[in-house]
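Student: just to be clear, the model below is a prediction. Sequence and coordinates:
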Amino acid sequence: MAAEKTPVENLTEDQAAAELEFLASEIARHDVLYHQGDAPEIPDADYDALKRRNDAIETRFPGLQRSDSPTLRVGSAPLAAFAQVTHARPMLSLDNTFSDADVADFVGAVYRFLGRLPDGSIAFTAEPKIDGLSMSIRYENGRLVSAATRGDGTTGENVTANIRTISEIPQKLPAGAPAVVEVRGEVYMAKSAFLELNAQMEAEGRQTYVNPRNTAAGSLRQLDPKVTASRKLKFFAYAWGEMSDMPADTQLGMVEKFKEWGFPVNPLMKRLTSVEDILAHYHEIGLQRPELDYDIDGVVYKVDELELQRRLGFRSRSPRWATAHKFPAEQAFTTVENIDIQVGRTGALTPVARLTPITVGGVVVTNATLHNEDYIKGIGNSGDRIRPEDHDIRIGDTVIVQRAGDVIPQVRDVVMEKRPSDASAYVFPKKCPVCGSHAVREKNEKTGKLDSVTRCTGGFVCRAQATEHLKHFVSRNAYDIEGLGSKQVDFFFEAEDPALQIRTAPDIFTLKKRQEQSSLTKLENIEGFGRVSVRKLFDAIDERRSIALNRFIYALGIRHVGETTAKLLARHYGTYEAFNQSMKEAADLSGDAWTDLNNIEGIGEIVARAIVEFFKEPRNIEVVKSLLEEVTPQAAEPLAASDSPVAGKTVVFTGALERFTRDEAKARAESLGAKVAGSVSKKTDIVVAGPGAGSKLAKAAELGVQTMDEDEWLALIGG
Ligand code: IVH
């Protein structure tokens, strides 16, 4: 087949890129067919020809090599690993609840949001929270076409070949199933299979695995599906992504459908209405936990009716209609060997207890965070005692360590009877252990109380702050530069040679140029780099010269500005120029720009202040300016439903609403792409006023802002 094609030497770059894309997927497809033991579609000779053609094109256009290139998959080199898949619908996570009271709050909030009295009329499902890996499995016209891990929720890894080896997962759906079905659930390893595997590893003198979850993850992230096949993985279906048709209108109905279609579903799922019944089922599952042949770490509650789920909608990362009620943390005793201080990106000094290694709930724990000076003394964030006065944490103490799920282990208490007679109270440092600058606890202007965090005052002078800042900049949810991890950041930061040094974010983007101009230290000659990895690093850097505005803002590392706030800012201002201009205008913490910033729902005064302060600092202005010479933040994506008549409009709700609760009205408007503000200003487009509206309505009239009542609003957004 290669013979009929344009000779490689005559290909244009565009043709070459297109063909490499085709070859990557085609060769991967044949690999799957081959590994599955299904009848391969083509003879080996043709397969080899495809690979030779791919090699020849890559040799002529080395810059075009793809991350999913078949060349990188030769042998079992796991370097290139799996191709990325963008989920048709994001895979969200769940909010956690820990106490009975939290569960009652969750149920109460559902009723409140929907504007209903808590009369027990809303049904919830309760089912075990499986401690495995979430997976999205897609069927088209009844056939399994792809399977992907959760990844960051937006994109995951394509593990189709491995998922096909799990016999519990149907390859085909029965006739009558919708044309597009995405079944979601948890892949896990049975406890019995895990113990068997470890016994075998031990008998062979090989290292044993830590727990079923990690083993299942390792078994799936194998490039060779034969290894996955040998691991006897299992599956529970409990959710869905894209569906061309909905076969049921309740959560339970959907799960029953999955069962009919041949998926394993959890037998402990129940439909309940009262908080008491929900909690009773939680305790019942807790009692059964030790006997179950799979690890679970809590119970998931979901609103049963899908129409109510739709109305409840989502917060930024999790649905309002579900929550995970976690089992209590597991505890163990160990000793504190030392207390180290870590200095973070914002200068916070965090004490960390170095522990004698101990297994807590199946995981070896060697460190535990001690949070801050007060925590060591036994005082919580609100100033209250969390441990008796003499239970301060000292080096040498025997302590109770607690681990809950993936949360960082904590030291809960000190066993006083075991305190060594020579143990002395820990003295929190007054200086930054990294740069020697003063470390201080700031006073909160509002409350007059001391902040619980001790901060290094060294700013950019402090090596720890500067490197942590860079690490944040390149991290997964910020710039996500592959090949520039924590170790590499430390290396480039410490480098003496100006052709190698990275001290600030813009330096990352000038590295290649500096390397090309320097005849001295070539990166590729440095141990741990090499020609291919250097080229890949430069490619990865170049790829990020254009970046989504929200990621850009998040990467700046402004205090209190996490991903959610960065998204709000990007959505509100649209372009970096507009954002920057407004922050300059807001510098004196007054005027329209300042009001506008404070009016963004979800941004409070502390956050607003931090943002404005950031843009007042000359050093930040300088770094951002140099950065913008290298990179271009893209205008924020048009809002979700950009064809809705209210997309991009700023709406204020005032007065009593009769058809919605305030929360639902707001969530609904936002899902249609509108911005909801708390007060009326020149930038307001629509004021929706219910009975009893007062000053806001008057202000709208004064400014000539369009006003309407609830029914007009409903007509506008289509009911
Ligand atoms: S529902 C939109 N049900 O927990 C919510 N999740 O913390 C979809 N998980 O990523 C998830 N058992 O991996 C749901 N019965 C269950 C679950 C479950 C385990 C995992 C899942 C998810 C994580 C959220």
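Tutor: It's in.
Student: buried residues in stretch 372-390?
Tutor: Along stretch 372-390, these residues count as buried under the neighbour rule (16 or more other C-beta atoms under 10 Å): 372-379, 387. Quick note: C-beta positions are derived from backbone N, CA and C, even for glycine.
Student: which residues make contact with it from outside it?
Tutor: Stretch 372-390 has contacts (C-beta atoms under 8 Å, 6 or more residues apart in numbering) with 339, 349-351, 370, 391-393, 413-414, 416, 426, 428, 441, 449, 452-454.
Student: those residues: which ones sit near the ligand?
Tutor: Among the contacts of stretch 372-390, no residue sits close to the ligand (C-beta under 6 Å from any ligand atom).
Student: residue contacts, the residue in the stretch 101-250 of the chain positioned nearest to the ligand?
Tutor: For the stretch 101-250 of the chain and the ligand, the shortest gap (C-beta to the nearest ligand atom) falls at residue 134, measuring 3.0 Å. With contacts defined as C-beta under 8 Å, 6+ apart, residue 134 is in contact with 91, 149-150, 184-187.
Student: figure out how far the helix or strand hosting residue 106 is from the centre of its chain.
Tutor: Per DSSP states H and E: residue 106 is located in helix 100-114. Offset of helix 100-114 from its chain centre (C-alpha atoms, centre = their mean, to the nearest Å): 25 Å.
Student: average pLDDT for the helix or strand just after it?
Tutor: Later in the chain than helix 100-114, the nearest helix or strand by DSSP H and E is strand 124-130. For strand 124-130, the mean per-residue pLDDT is 98.
Student: partner strands of the top strand by length along the chain and their direction?
Tutor: In the chain, assigned by DSSP state E, the strand with the most residues is strand 330-343. Sheet partners assigned to strand 330-343 using DSSP bridges are listed as strand 349-360 (antiparallel), strand 398-403 (antiparallel).
Student: so of the ones you listed, which one's packed in deepest?
Tutor: strand 398-403 (a mean of 20; mean count of other C-beta atoms under 10 Å).
Student: what strand or helix carries the spatially most central residue of the chain?
Tutor: Residue closest to the average C-alpha location in the chain (C-alpha atoms, centre = their mean): residue 152, at 4.8 Å. Of the helices and strands defined by DSSP H and E, none includes residue 152.
Student: which residue is the nearest non-sequential neighbour of it?
Tutor: Closest residue in space to residue 152, ignoring its immediate chain neighbours: residue 476 at 6.6 Å, by C-beta to C-beta, 6 or more residues apart in numbering.
Student: and that neighbour, how many residues sit next to it?
Tutor: 10 (other C-beta atoms under 10 Å).
Student: circling back to that earlier point, of the contacts of residue 134, which is the nearest to residue 300?
Tutor: residue 186 (10.5 Å; C-beta to C-beta).
Student: tell me which element residue 23 falls in.
Tutor: Residue 23 is part of helix 13-36 when elements are defined by DSSP H and E.
Student: which other helices and strands does that helix contact?
Tutor: Packing partners of helix 13-36 (3 or more C-beta pairs under 8 Å, 6 or more residues apart in numbering; DSSP states H and E): helix 44-60, helix 160-163, helix 225-229.
Student: check those helices for me and report the most buried one.
Tutor: Mean neighbour count (mean count of other C-beta under 10 Å) peaks for helix 160-163 among the helices and strands packed on helix 13-36, with a mean of 24.
Student: hang on, the earlier thing: any chance of the helices and strands packed on helix 13-36 in TSV with distance to residue 23 and mean pLDDT as columns?
Tutor: Shown next, in TSV, are these (distance: least, C-beta to C-beta, whole Å; pLDDT from 0 to 100):
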stretch	distance to residue 23	mean pLDDT
helix 44-60	4	81
helix 160-163	18	92
helix 225-229	21	81
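Student: what comes up buried for the longest strand of the chain?
Tutor: 330-332, 334-336, 339, 341, 343.
Student: up against the ligand, what does the stretch 251-400 of the chain have?
Tutor: With C-beta under 6 Å from any ligand atom as the criterion, the stretch 251-400 of the chain comes near the ligand at residues 300, 319, 322, 324.
Student: now the second one, nearest residue through space, not along the chain?
Tutor: Taking C-beta to C-beta, 6+ apart, and ignoring the residues beside it in sequence, residue 319 has residue 92 as its nearest neighbour in space, at 6.2 Å.
Student: what helix or strand is that neighbour located in?
Tutor: Using DSSP H and E, residue 92 falls within no helix or strand.
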